[in-house]
Every structure is written in C-alpha cells, then in structure tokens.
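[1] Mind folding the following:
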Amino acid sequence: MLGAACSAIQILVPIAATMTPPEHRGRVIGNVMSGLMVGILLSRPLASLVADIWGWRSFYAVSAAALALLTATLAPRLPERQPLVRSSYVSLIASLWHLLHDEAVLRIRALTAALVMASFGLFWTAVALRLAQPPFSLGQAGIAMFALVGAGGAVATSPFGRMGDRGWTRVATTVSHLILIGAMTLSAWAGEAKASQPVISLVLLGAGAVMLDVGVTGDQTLGRRAINLLRPEARGRINGLFVGIFFLGGAVGSALAGTASSWGGWTAVCATGAVFGAAALLTGLATRS
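    Residues are numbered from 1 along each chain as shown. Presented below is the predicted three-dimensional model:
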C-alpha cells in the first residue's frame, strides 16, 4: 500500500510537464526531479538518524505527519487537469504495450534509465555493508552522514534539464554516463582502503557517491524531458512505462548487490555497476534518440 501511494510523485512529473511550454520543459522537469532525487537520497540518512534517536517506529510517525502536512498544502493548490483522452481504464492499460512498441525514444530512454538505476541501486545497497566493515567501521549515524553527503549530487538535475532545452541532450546524456563510469572506478579504488588511510579513502568514496548521483540524475532528467515531448494525450501512460521500467532496473541492481559482494567483494560491486554504466553509454551512442 505504501509503495502504491508513493507513486504520487511520479504523477506530479507529467502534470508539471503539461503546465510548461516545450522550450522550458527541461528546466521545470529538472527542478521537479531534483526534489524527487533529493527526497530519495535523504530518506535513508534521515530514517537512520530518527531510528537511532527514537527507535524505528518513530520514523513512520514522522513520515505520516510530513505527508499530512504535504497533503494539506497541495490539495487546494494543484490545478484541475482534464485528460485529453476519454477511455476506460482497461483500454488505457492495454495501450501500454502499443506505446512501448511504437515509441523508440521511450524504449531507449527507459532502457538507459533502467541501466543507470541498476548502478544506483547496486551502489547504495552495498555501500552500507562496506562502510560498516574495517577500516571504516561506521555505525548507523556515520552511514547516515555518508548518505547525506551523497545527496549533493541530486542538485545536478536542473543544469541537465537546461542542457536538454538547449538541444544538447545527446552530449549531456553521454557525459552523464561517463561520470557514472568514473564514479564506479573511483569508488572501487577508494573502497579498498588501507588501514593507514581510512579518512582519505572515505572522502574519495563520498566523492564517488556524489558523482554517481550526478550521472544517474542527469540521465533521468534528460530522459524525462525527452519522453514528455512525445504524445501529449498519452503523457501519463508514457511516464508510467518509463518509471516502471527504470525501477525494475533499480530492483535488479539492489538484488545483485549481495551476490556481487559475496563473489568478489567491493571491487566486484563497483565493476558490476560500471558494466551497467557502460551498457547505458553504448546504448545511447548506438542510437540517435
């Protein structure tokens, strides 16, 4: 039930796109995506800190209070929106396959988004395990602070959106994928820290986390902009397909974290993440979308 309710933010993205002229759509989507990614990245350290202070149940109480406040704020302010298409729910769901089949831009952007989200899920699932091990040996609060630093990469969404508005989508997408691969390379090196240099290694690992988030949010923002320039009458369904596919990628990455870690340790985790990034890079370079 919680997962279904959390899809509300994914509904707000196409609403914002609908309210915005095409020439400014990248910037606006970038701003909305910045809030989305910051929320995702801050949720982990916030949950850890609240649970550490008041117990794990308290975070759900804090979250419920925040959602109640958000509901009261948004309810009178969200605009009325009349769909361009009048169809039954069953026919709308049945049309999803046809949209995916007909829209090459949607397929490509959803695939690259899924690949970079796989890297994202892989890294953030495994890094907590690595930080709890020597020589870092961080506790809940320390891991939360590390995640807080990593959230800084989410501020890159707005600049990527502006680059999309200027027609630099292909170049910016390539840059985001290269940043992701570089992040995994740096993280692999920093994660294999020597006992004599834990602080330096931790700083470099944090830099790798920020780079990773920049690469992921860049691809996500540019992908959101591209798909929201497609069929206006199907914008909600197109966003639903895009979101569903990239979250599948994130789930695959998270699922692989334990396997990669047990097979080859932290280096194998980062190598797997770099492979996902390279696959996204090659997919983008092989197409014109």
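[2] Now do the contacts for residue 231.
    Counting by CB atoms under 8 Å, 6 or more residues apart in numbering, residue 231 touches 99, 103, 238. Bear in mind the C-beta positions are built from the backbone N, C-alpha and C, glycine included.
[3] Now intersect those residues with the helices, please.
    Members of the contacts of residue 231 lying in helices (criterion: DSSP state H): 99, 238.
[4] can you map out the helices along the stretch 101-250 of the chain?
    Along the stretch 101-250 of the chain, counting by DSSP state H, counting those that start in this stretch, helices occupy 104-132, 140-150, 157-165, 169-191, 198-227, 235-285.
[5] Of these, give the one that comes closest to residue 61.
    helix 140-150 (18.2 Å; CB to CB).
[6] mean confidence score for the closest one?
    Summarised as a single mean, pLDDT over helix 140-150 is 80.
[7] That helix packs against which elements?
    Contacts defined by 3 or more CB pairs under 8 Å, 6 or more residues apart in numbering; DSSP states H and E place helix 140-150 against helix 25-54, helix 104-132, helix 198-227.
[8] could those helices go into CSV alongside distance to residue 144 and mean neighbour count?
    Shown next, in CSV, are the helices and strands packed on helix 140-150 (distance: least, CB to CB, whole Å; neighbours: other CB atoms under 10 Å):
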stretch, distance to residue 144, mean neighbour count
helix 25-54, 4, 19
helix 104-132, 10, 23
helix 198-227, 13, 24
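[9] Turn the ones you listed into CSV, columns for distance to residue 12 and mean pLDDT.
    Output for the helices and strands packed on helix 140-150, formatted as CSV (distance: least, CB to CB, whole Å; pLDDT from 0 to 100):
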stretch, distance to residue 12, mean pLDDT
helix 25-54, 7, 79
helix 104-132, 18, 94
helix 198-227, 12, 90
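[10] nearest to residue 172, of the ones you listed?
    Of all the helices and strands packed on helix 140-150, helix 198-227 comes closest under CB to CB, at 5.8 Å.
[11] just the angle between that closest one and helix 235-285, please?
    Calculated by axes from the mean of the first three to the mean of the last three CA atoms, to 10 degrees, helix 198-227 forms an angle of 120 degrees with helix 235-285.
[12] now helix 198-227, how far from the centre of its chain.
    Put simply, helix 198-227 sits 9 Å off its chain's centre (CA atoms, centre = their mean, to the nearest Å).
[13] Likewise for stretch 180-194?
    20 Å.
[14] in it, what counts as buried?
    180, 181, 182, 183, 184, 185, 186, 187, 188, 190, 191, 193 (16 or more other CB atoms under 10 Å).
[15] For residue 162, see how far away residue 34 is.
    12 Å (CB to CB, to the nearest Å).
[16] With residue 224 instead?
    From residue 224 to residue 162 the distance is 13 Å (CB to CB).
[17] before we move on, back to that, can you tell which of the helices of the stretch 101-250 of the chain is closest to residue 90?
    Here helix 235-285 is closest among the helices of the stretch 101-250 of the chain (CB to CB), at 13.0 Å.
[18] excluding its backbone neighbours, what's nearest residue 51?
    In space, and not counting its chain neighbours, residue 51 is closest to residue 59: 5.5 Å by CB to CB, 6 or more residues apart in numbering.
[19] Dump the helices and strands packed on helix 140-150 to a markdown table, plus distance to residue 242.
    As requested, the helices and strands packed on helix 140-150 are arranged in a markdown table below (distance: least, CB to CB, whole Å):
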| stretch | distance to residue 242 |
| --- | --- |
| helix 25-54 | 12 |
| helix 104-132 | 5 |
| helix 198-227 | 5 |
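[20] Relative to residue 77, tell me which of those wins on proximity.
    Comparison of the helices and strands packed on helix 140-150 against residue 77 by CB to CB identifies helix 25-54 as nearest, at 14.8 Å.
[21] Could you list every helix and strand in contact with the closest one?
    Using 3+ CB pairs under 8 Å, 6+ apart, helix 25-54 is in contact with helix 8-18, helix 56-74, helix 140-150, helix 157-165, helix 198-227.
[22] try it again with 10 Å
    The contact analysis (3 or more CB pairs under 10 Å, 6 or more residues apart in numbering; DSSP states H and E) places helix 25-54 against helix 8-18, helix 56-74, helix 104-132, helix 140-150, helix 157-165, helix 198-227.
[23] nearest to residue 255, of those helices?
    Comparison of those against residue 255 by CB to CB identifies helix 104-132 as nearest, at 8.1 Å.
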